[in-house]
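Engineer: make a model of this:
(chains A and B)
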Amino acid sequence: MTREQLFEQRLTDWLEDGPMEAPDRALEVAFAHARSHPRKRTFAVGLWRAAMNRIHLAEVTPGQPHRSRLTTFAAVAAAVVIGVAFVGGGALLLSGGPAGPGRGGPVAASPTPIATVAPTPSPAPTPTPTALPPGAVATTGTQAACSSTVEGPETTVDGMSQKRDAVRVCTDTQSDPRVSGTNTLTFNYDEHPDGTWTYWGASRLTNDDGSWTGVYDGLGPNDYTATMNVYLKGEGGYAGLQYRGTAVLGGAVTPLEGTIEPLGPVEVTSSETCTEKEPGDTREFAVPGLDGTPVSVSETIGGVNICTRTASDPRVAGTSTVSFNMREAADGSWTYWGTAVIENAGGSWTSVWDGSSVPGSGTATLASRAVGVGGYAGSTYMQTITLHGDSSTASRGTIDPSP
Amino acid sequence: MQHDLVERAQRGDTEAFQALVCACADRLYASAHRILRDPDRAEDALQQALIRIWEDLPSLRDPNRFDAWTYRLVVHASYREARRERRWTSRVREIAADPAGDDRVGEVIDRDEVERVFRRLTPEHRAVLVLRYFIGLPVTEVADALGIPVGTAGSRLHYAVRSLRAAFEADARGVVAWRTTA
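Structural biologist: Numbering: from 1, shown residues only, chains lettered A, B, ... in the order given. Predicted coordinates:
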């Protein structure tokens, strides 16, 4: 046996010397927690919470199939609607910084045994390739030679890394020289409990003929690779144009791919996950049922959720704060309404939304209208969300840019 | 089998969750104990990790990665425990050397020195040692479990091993000297 092998054997023996059996108490606490925090909830608020954390719509609580199913719709619907508001990002960089992506939502993590659920981002939907619209030009290239001008604070919250407000200066070289030049990017990232990382920030690309400003946002399966969606709006010599594309983090050179097109509406798909900040006030009361007999229904007012949002357009990705209300009708259907604020590195959106479940269909439909604030002032974002019984959600919308 | 249990637990099946926990709790607790070197804190870390498994399981996209994912959760719970209160780091055992003892005295001193050096390592360095030499994961899987680049896992492992090796060797010389003079 070599010296190295002897050392490793000695180390292994030393590590093996110790308890190997988990205390029953820890298991019992976890089991009790699971029983007391089921993913199927009977009450509206509980279902809302569950839905916000990706609980399955199709699940029906035995004995109360009608209530529980519809309530779940409501919850999910509200979650999606809320998704209406929020953050996005869009440019990219990478060099010198910690390998990893990030975005600004709070990384929840409770030090207490009654853990809260941290926002878990879904993969950012990427735009579906389509034929180029009139006037659009495809372009490809790379981003390289990045240098860090501001390192920005990196903190660890409950063991999860967070970077804020770093600044990188990179050189973009694309097949279309209009989007080549010096790119100054703000850089943020969050590590999430499931091992994924989100990255987001603002971008300003300049060259001799004009500039582009916008945002980027993306999700990575680990801390060294991520695909970012990028949106930039032309200024100066590029006024009236927009650039939409992707950038793939993961090496010293970042591949870029995108389209330059006339400034105009952009279709967007999005998804989000949420954690509950305020459950709201719930009351139950009796109303006459369809056959005239009293039926117990419920109403929740003043709930608030914090959501992490991914979107095919980084302007509406980021973090959203959603205020929700919901009310059950005598026929078992639910109506939902509220407001939401989406925030990201480029600005924010404020929205109002409402919708209802469709009894017997297993779906709920919600609509929202958001107006841009700050960097998005003058723009609007309309969104329709359909909720399906298998817990899947389809959210489509359109961003109409300011002139 | 485990794949099925994970999917059921993701849908809210508490019995499936219990079966998963029963299957993984011992290895998670043993890992936490090796990182924290404290049974009470290891129990707290295990409890946090198990609750987190229930809460976050729906976010696990690939059920086949359940084992690696649970290591990640218990390691991060151990980080939190280690940082929650550092007083224990100075609670180094004082073992009185008994010149009248047999060879076991040298062994105790040896192990105590290793313990002392191990406790000086950061939780991040201890974690890679535990996953590599106690759990037996290759470095690539250590990196995957911890969600860090392979290069980072390798450098942490190199540093930790170097520190411990020095302790083993220095202590071995010390023991010999002590024995010689006793």
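Engineer: gap between the residue most central in space within chain B and residue A:17?
Structural biologist: Compute the mean C-alpha point of chain B, and by CA atoms, centre = their mean the closest residue is residue B:35, 3.1 Å away. From residue B:35 over to residue A:17 the distance is 15 Å, taken as CB to CB, to the nearest Å. Heads up, the C-betas are built off the backbone N, CA and C, glycines and all.
Engineer: swap in residue A:335?
Structural biologist: Per CB to CB, residue A:335 is found 63 Å from residue A:17.
Engineer: mind listing the helices for chain B?
Structural biologist: With DSSP state H as the definition, chain B shows helices at residue ranges B:2-10, B:14-36, B:39-56, B:66-84, B:103-120, B:123-129, B:139-146, B:150-181.
Engineer: as a markdown table, the ones you listed with distance to chain A would be great.
Structural biologist: Conversion of the helices of chain B to a markdown table gives the following (distance: least, CB to the nearest CB, whole Å):
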| stretch | distance to chain A |
| --- | --- |
| helix B:2-10 | 9 |
| helix B:14-36 | 4 |
| helix B:39-56 | 4 |
| helix B:66-84 | 4 |
| helix B:103-120 | 6 |
| helix B:123-129 | 8 |
| helix B:139-146 | 8 |
| helix B:150-181 | 6 |
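Engineer: ok, which of the ones you listed comes nearest residue A:239?
Structural biologist: Residue A:239 lies closest, by CB to CB, to one member of the helices of chain B: helix B:150-181, at 44.4 Å.
Engineer: could you chop chain B up by domain?
Structural biologist: As assigned by automatic domain parsing, chain B contains the domains B:1-90, B:92-182.
Engineer: please identify the deepest-packed of these.
Structural biologist: Each of the domains of chain B was scored by mean neighbour count; the highest is domain B:1-90, a mean of 20, by mean count of other CB atoms under 10 Å in any protein chain shown.
Engineer: what's the distance between that domain and the middle of its chain?
Structural biologist: The chain centre lies 12 Å from the centre of domain B:1-90; the measure is CA atoms, centre = their mean, to the nearest Å.
Engineer: quick one: the helices in chain A, in order.
Structural biologist: Taking DSSP H, the helices of chain A run over residues A:3-16, A:24-36, A:44-52, A:65-82.
Engineer: give me the residue from the stretch 251-400 of chain A nearest chain B.
Structural biologist: Across the stretch 251-400 of chain A, the shortest distance to chain B (CB to the nearest CB) belongs to residue A:273, at 7.7 Å.
Engineer: was I right to think residue A:304 contacts residue A:323?
Structural biologist: Yes: at 5.4 Å, residue A:304 and residue A:323 qualify as touching, with contact defined as CB atoms under 8 Å.
Engineer: okay, the two: which has more neighbours?
Structural biologist: Set side by side, residue A:304 and residue A:323 show more neighbours around residue A:323, with 22 against 16, by other CB atoms under 10 Å in any protein chain shown.
Engineer: in the sheet, who's paired with the more buried one?
Structural biologist: According to DSSP bridges, the residues that bridge with residue A:323 are residue A:304, residue A:339.
Engineer: how about residue A:183?
Structural biologist: In this structure, residue A:183 has the following beta-bridge partners (DSSP bridges): residue A:170, residue A:205.
Engineer: distance of it relative to residue A:315?
Structural biologist: Distance, residue A:183 to residue A:315, by CB to CB: 18 Å.
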